[in-house]
Every structure is written in C-alpha cells, then in structure tokens.
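Participant: below is the sequence, then the predicted model.
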Amino acid sequence: MPKFKFRPEDLRRCFVMAKLVKPKTNDICLRFVGNRLVLFCSDNRSYSRAETSAEVLDKLPDNYKSEDYYITLDRSALFDSDLESVTISVNEKSLSIQAVGEGQTRSAVLKKRSVTSRRPPVPEKPQSGKKFTLNTTNFDLLLKQVSCSAQIRETKTDEAMRVNQVHFYPESFCAVSNARYYGSVAFLPGFDMELSIVSSDIPTIKAFCARLPGKEVSLFQDNSRLYAEDPITGSILALSKVSCNKPPLVLLDRNEFKTLIIADQIKLSQSLQWALLALEGTQRVSLRTVDNQLEFFSGNQELSKIPVSCVHVQNDGLRADFPAKFLASIVRYIGEGRVALRFGHTKAPSVLELSQHCEETPPVEAFHYLQSMKEHK
C-alpha cells in the first residue's frame, strides 16, 4: 500500500491548477506516477495536467504507476488542508487521506469509481519542440494590454473563436488584437513565437501564470494545441487551436502623428466616466484641444475639461468625435501616470493613438488605437 506525504501548500496549488479547466465530467482524475501526483481535468477544448511531488513513505515498485481515481469537484476540498501535512495511501479500491498537525487529525476514504467511456484518458506529457520561457509578470502584462481589444466576453461560439484571436508577430516581437473600431498592439522584446491565441483563452492563461510557484512560464505548441508549462513542477495547461486567417501586420509610424498631448491618466479617466453619465441618447463625445486644455463636449454643451501638456500641435490639434464607451475602456487599460494621445497621422488621419507616457521604456510597451466617428451631415 504506497503512501505519499505532501506539503499542504503544494497539494493545494496542484488542485487549483487542475481546476483551471472545469471538467465536463464534473470530476478530477488522480494518478500517481513514481513520487508524483498527477491531476487531470478536461473540457471540449482544453485540459490541465497538474503535477506535484511527494515524500514516499513506502518503497515503490520500479516504474510505479497507479490506477486512475476520480474525485468529484465538491469533494476535492478534502485535499485542501490547513494542517502540517497530508498523507495519501493508495489502495486497490480506494484512497485514504489523513491530514495531521497542531494536535489534530482528519481522515477520509474515497472509494474508487468505475471508469466509463465518457472519461478521456490522462494524456502523457506532450513532446515539446522549441520552448519559449518568459517572465510571468511581463507575459501577464502583455496579455492584459491586448485583452483591451480582444473581445473576450464576446468570444463564445466557434465562429467568434475564428475571428477573435490575439496574433503574435515574431519579426516585430509584438502581439495584436482588433475589434471593429479599435485595436491594441503590445511589444515584448525577444518574444519571437509565431502564435495565435483564441481571445476567450486569455483569462485561463493569465490564471495559470498567476498560480505558478516561480517567476517563469514556458510556452510551446504542436499542430493542434498551445501548451503553457510550469518549469518547476511540470504542470501543463493545454489549449486547442482554432484555425483562422491571420492578417498581415500593419504598424503606424508614430513620428507621423501631427498632434501629441500628454494627460494625467486619472483625470482623463474621471472625465470620460463623467461624460458617460452626462451623455443622453448618444455615445458620441467630442474632444478638443484649446490652450493646454482638453475639452469634452456633447454637441455644443461642454461636459468637462482637464489640463494637458501640448507637446506639439498642428492644424486644429485634437478635434474629433469618439465613442465614449470604447475610449473610457481603453484609458482604463493604460497604467497609472500619464497618457500620451497622438492624432492626425499622415496615413491614418482619423485614428487616435493612446499609450502610457514613460520616461524610460517599460518591459512591455502597449499602444491602443481608436477610430474617430464620422461627422454628422
């Protein structure tokens, strides 16, 4: 009867990682391989294969691999202990759990459930080609910025998954997302992976990275799946790819914008939130630069104004109408501090660019673009 002793925090993290994918069978598969516990959950498009190591209390046979055991999601809380250690004993027809510490003992027995054809087998660890290892903080920031235009909540159907994807362009070290009237591009120097991610998968990837015990995540892929791997534990999140038409990369030369103004991010966000409340019957808000002020109008009615630094202004400066909801959403994605607004590009005169204005180049640079609204006839 093999016995495995776990640190509660390792066991807890392993279950949390596994449950990032909600299993369609409503249970988690457990398997012991050598001194490691493997947890497996899968749905129609993805699976998680979480791992953690244990102290072996009994000698194991060579190449030991247990049977598969299935634990319903609601009973998985039995493995989440706040005591000092958790011991799992593997029997032929059951698992025995015992948590001890602080003078307390808690025990439970989980009987082995019959295997049905509905349950997919636990996959072996995928063979990886070239791996890209990234700092999790930087990768999370990149995903956050492209989430601005990725339309995550709207990506539910197969057709939406084919359209709403974040595309990575290795030659420029950037990722791009697009909605109908706005788009985002984020640069992460050195990340030259040819990749497209379904927009609705972004929150799961971010959650996986947030729960890693270290500061790095590894990415690799095959013809059908993208894999995110924990370099420390070997836990894997696998996401099915969805075929799509990857558009060519088009980047605007930022030196060709005729107008550049700098605004405080909090003041800009507050004015836009005010405009959303004040607007009635329309989402159109007019922006005008006048004497180091950025003014917000609805028709001829002034809604608010904030001070700005006009770095350079040509012709009428920033004078255009924008959908207030989209503009306010973009500003929320830009980090605290100052926001650079560029307008009047020689090749795209109706496009507004917004980015964080920093004295030093950040690890991840992001730029957001919003199409102005056509004037009323």
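Facilitator: Cool, got the structure. These figures come from a predicted structure and were not determined experimentally. Residues are numbered from 1 along each chain as shown.
Participant: quick one, helices of this structure?
Facilitator: 8-18, 136-147, 158-163, 202-210, 265-278, 324-333 (DSSP state H).
Participant: which one, of those helices, ends up nearest to residue 189?
Facilitator: For the helices of the chain, distance to residue 189 was read as Cβ to Cβ. The smallest value, 9.4 Å, belongs to helix 136-147. Where you see a C-beta, it was placed from the backbone N, CA and C, and this is true even at glycine.
Participant: on that earlier part again, need the helices of the chain in TSV (columns: mean neighbour count, mean pLDDT and distance to residue 81).
Facilitator: Below are the helices of the chain laid out as TSV (neighbours: other Cβ atoms under 10 Å; pLDDT from 0 to 100; distance: least, Cβ to Cβ, whole Å):
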stretch	mean neighbour count	mean pLDDT	distance to residue 81
helix 8-18	20	95	5
helix 136-147	20	98	27
helix 158-163	14	96	39
helix 202-210	17	97	22
helix 265-278	17	97	43
helix 324-333	19	96	39
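Participant: and residue 359, which of those is closest to it?
Facilitator: Using Cβ to Cβ, the helices of the chain put helix 265-278 closest to residue 359, at 14.9 Å.
Participant: the helices of the chain into JSON lines, with extra columns for distance to residue 174?
Facilitator: Shown next, in JSON lines, are the helices of the chain (distance: least, Cβ to Cβ, whole Å):
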{"stretch": "helix 8-18", "distance to residue 174": "29"}
{"stretch": "helix 136-147", "distance to residue 174": "9"}
{"stretch": "helix 158-163", "distance to residue 174": "20"}
{"stretch": "helix 202-210", "distance to residue 174": "16"}
{"stretch": "helix 265-278", "distance to residue 174": "22"}
{"stretch": "helix 324-333", "distance to residue 174": "16"}
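Participant: nearest to residue 109, of those?
Facilitator: So among those, helix 8-18 is nearest, using Cβ to Cβ, at 17.2 Å.
Participant: residue 108: which of the helices of the chain is closest?
Facilitator: helix 8-18 (13.8 Å).
Participant: the closest one vs helix 202-210, what angle?
Facilitator: 160 degrees (axes from the mean of the first three to the mean of the last three Cα atoms, to 10 degrees).
Participant: which other residues reach helix 8-18?
Facilitator: 28, 37, 39-41, 48-53, 76, 79-86, 99, 208, 211, 213, 230, 233, 235, 237 (Cβ atoms under 8 Å, 6 or more residues apart in numbering).
Participant: and residue 347, which of the helices of the chain is closest to it?
Facilitator: helix 324-333 (20.8 Å).
Participant: how big is the angle separating the closest one from helix 136-147?
Facilitator: 170 degrees.
Participant: pLDDT at the spatially closest residue to residue 2 that is not a sequence neighbour, what is it?
Facilitator: Take residue 2 and drop its neighbours on the chain: the residue closest to it by Cβ to Cβ, 6 or more residues apart in numbering is residue 90, 4.8 Å away. In this model, residue 90 is scored at 92, pLDDT.
Participant: please parse this structure into its domains.
Facilitator: With domains defined by automatic domain parsing, the chain comprises 3-111, 132-240, 254-371.
Participant: and the ones you listed: which comes nearest residue 124?
Facilitator: domain 3-111 (9.1 Å).
Participant: now do the contacts for residue 320.
Facilitator: 286, 287, 343, 350, 352, 372, 373.
Participant: does the residue nearest to residue 2 touch residue 33 like I think?
Facilitator: No. Residue 90 lies out of contact with residue 33 (Cβ atoms under 8 Å); the separation is 11.6 Å.
Participant: more crowded one of those two?
Facilitator: residue 90 (21 against 15; other Cβ atoms under 10 Å).
Participant: which residues does the more buried one contact?
Facilitator: By Cβ under 8 Å, 6+ apart, the neighbours of residue 90 are 1, 2, 3, 4, 32, 66.
Participant: what separates the nearest residue to residue 269 once chain neighbours are set aside from residue 183, distance-wise?
Facilitator: Setting aside the residues directly before and after it, residue 269 is nearest to residue 331 in space (Cβ to Cβ, 6+ apart), at 4.9 Å. From residue 331 across to residue 183, the span is 15 Å (Cβ to Cβ, to the nearest Å).
Participant: what's the answer for residue 220, then?
Facilitator: Remark: distance between residue 220 and residue 183 (Cβ to Cβ) = 27 Å.
Participant: now residue 64
Facilitator: From residue 64 over to residue 183 (counting by Cβ to Cβ), the distance is 52 Å.
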